[in-house]
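**Student:** Using only what follows, build the 3D model:
(one chain, ligands or ions: 1)
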Amino acid sequence: MTAIGIHDIELASTHHVLDLAALAATTGVDPDKYRIGLGQDEFSVPAPDEDIVTMGATAALAVLDRNGLEGVRTLLFATESGIDHSKAAGVFVHQLLGLPPQVRVAEIKQACYGGTAAIQAAIGIVQRNPRERVLVIASDVARYALDSPGEPTQGAGAAAILIAADPALIEIEPATGLFSANVDDFWRPNDSSTAIVDGKLSISAYLDAMTGAWDDLAAQGGPAISAINRLIYHQPYTKMARKAQARLAEYTGVELGDAGLAEGAVYNRRLGNAYTASLYAGVASVLDHESGLTGKRLGLFSYGSGSVSEFLTGVVQTGAESRTDHFTSVLDSRVPLSVPEYRELHARALPSDTDVVTPRVTAAPFRFAGIEGRARRYERR
Ligand code: HMG
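**Tutor:** Numbering: from 1, shown residues only. The predicted structure is shown next:
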């Protein structure tokens, strides 16, 4: 059977960053609640001329620069923070990257799980024709109400992932564990720019879904826990991965300690929640910060509130050895915001019925130029 999986992965984020210590100082919260209690140091904040399209296109540009366009006939864009009820955000990326017309584009939604759904669809396409490669983009801006418990777990980021036969980085294995259940833990009504969340319920729903998906993985003939060398989890905040690993250890009766958790959290501690991109930021973080993984098996747990979840496994390939951390310098280059500046940006709402010209702020290759006749306009910077 053809080996199919992740051939390349690149991350992108925003122009601005908020230091959680500054937020804590303003709100009178002990900064250790964020740093240790949630396991978060900062979160990314988009400039007025940035959004899921500009982040996704920036990440995808790097992937296509390295790998070319050959065989790419599908672009799947996964997001919770869609910019149009009808048009796929990926259509704007298609234009910005100058992709040929012979590329199908679609958007996939199921909270943070959407990126994994896109990857599974991509694997199906490559399975049918191994000469094809699929560009998956997972891109999100996580927004909660100011002064809500979710506020320190906001963030933004994108992952562009090239799915191909004979992948350079990770061969995704066929057995997969699924668990879906209708639960009101987190959702975002069509007229709301911030999520509605029952924090405590979301944590228990996540952990229950994980053990449910684990059981299904076992039922589908997946590997035993002892045959998995590293576990990487969806990280709405990095402490959640610690909770998940502790629960899985308890559930399977196997000591897992905190192996791999620090390596998988390097980027996420600084991005904040990037919803669909969060698990794949964790994957990139592990590949970029741990050596000697070739031939080792990764277990990936993907959770999307609402809820749909999946436990999948993959084997690290030799190409991962040449990866280095260049994303930390991207994160370092973000421009810090004061808390009042962040709050002003948070409150900013795009009018729905008048034209908008956005200020030029981003240093990324692409920018959201504004709205003209109710249609969004993007441009190369
Ligand atoms: P909260 O009520 O502000 O926090 O909300 P808390 O009081 O539960 O404290 C958090 C942790 O900090 C606790 O540790 C405290 O003990 C600790 P834990 O019991 O969890 O181990 N703590 C301290 N530690 C050190 N020094 C201190 C200190 N003080 C307290 N001084 C909550 C926390 C996560 C609920 C909130 O931020 C929230 O609602 N976040 C949004 C929802 C969320 O992220 N849920 C996660 C699971 S659902 C999911 O992952 C899906 C999602 O990504 C959406 C999607 O699918 O699209 C969200």
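**Student:** Going by neighbour count, which residues in the longest helix along the chain are buried?
**Tutor:** Scanning the chain for the helix with the most residues, using DSSP state H, yields helix 199-219. Buried residues in helix 199-219, counted by 16 or more other Cβ atoms under 10 Å: 202-203, 205-214, 216-218. For glycine as for every other residue, the C-beta is placed from the backbone atoms N, C-alpha and C.
**Student:** mind checking the end-to-end distance for stretch 15-28?
**Tutor:** 27 Å (Cα to Cα, to the nearest Å).
**Student:** okay, now whatever residue of the stretch 251-381 of the chain ends up closest to the ligand: neighbour count?
**Tutor:** Across the stretch 251-381 of the chain, no residue is closer to the ligand than Ser305, which sits at 3.6 Å (Cβ to the nearest ligand atom). Close neighbours of Ser305, defined as other Cβ atoms under 10 Å, add up to 28.
**Student:** surely it meets Arg188?
**Tutor:** No. When contacts are counted by Cβ atoms under 8 Å, Ser305 is not listed as touching Arg188 (9.6 Å).
**Student:** What mean pLDDT does stretch 48-65 get?
**Tutor:** Averaged across stretch 48-65, pLDDT comes to 98.
**Student:** just stretch 313-333 next, same as before
**Tutor:** Computed over stretch 313-333, the average pLDDT equals 97.
**Student:** cool, stretch 74-82 as well?
**Tutor:** Mean predicted lDDT for stretch 74-82 stands at 98.
**Student:** can you pull the buried residues of that stretch?
**Tutor:** So, applying 16+ other Cβ under 10 Å, buried residues of stretch 74-82: Thr74, Leu75, Leu76, Phe77, Ala78, Thr79, Glu80, Ser81, Gly82.
**Student:** so the fifth one bridges to which residues?
**Tutor:** Taking DSSP bridges as the rule, Ala78 bridges to Ile108, Ala138.
**Student:** show me the residues around it that make contact.
**Tutor:** Glu107, Ile108, Lys109, Gly114, Gly115, Ala117, Ala118, Val136, Ile137, Ala138, Ser139, Thr276 (Cβ atoms under 8 Å, 6 or more residues apart in numbering).
**Student:** and those residues as JSON lines, adding neighbour count, distance to Ala12 and pLDDT?
**Tutor:** Below are the contacts of Ala78 laid out as JSON lines (neighbours: other Cβ atoms under 10 Å; distance: Cβ to Cβ, whole Å; pLDDT from 0 to 100):
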{"residue": "Glu107", "neighbour count": "21", "distance to Ala12": "18", "pLDDT": "98"}
{"residue": "Ile108", "neighbour count": "22", "distance to Ala12": "19", "pLDDT": "98"}
{"residue": "Lys109", "neighbour count": "16", "distance to Ala12": "20", "pLDDT": "98"}
{"residue": "Gly114", "neighbour count": "28", "distance to Ala12": "17", "pLDDT": "98"}
{"residue": "Gly115", "neighbour count": "33", "distance to Ala12": "14", "pLDDT": "98"}
{"residue": "Ala117", "neighbour count": "21", "distance to Ala12": "21", "pLDDT": "98"}
{"residue": "Ala118", "neighbour count": "29", "distance to Ala12": "17", "pLDDT": "98"}
{"residue": "Val136", "neighbour count": "33", "distance to Ala12": "14", "pLDDT": "99"}
{"residue": "Ile137", "neighbour count": "31", "distance to Ala12": "10", "pLDDT": "99"}
{"residue": "Ala138", "neighbour count": "35", "distance to Ala12": "11", "pLDDT": "99"}
{"residue": "Ser139", "neighbour count": "34", "distance to Ala12": "8", "pLDDT": "98"}
{"residue": "Thr276", "neighbour count": "34", "distance to Ala12": "13", "pLDDT": "98"}
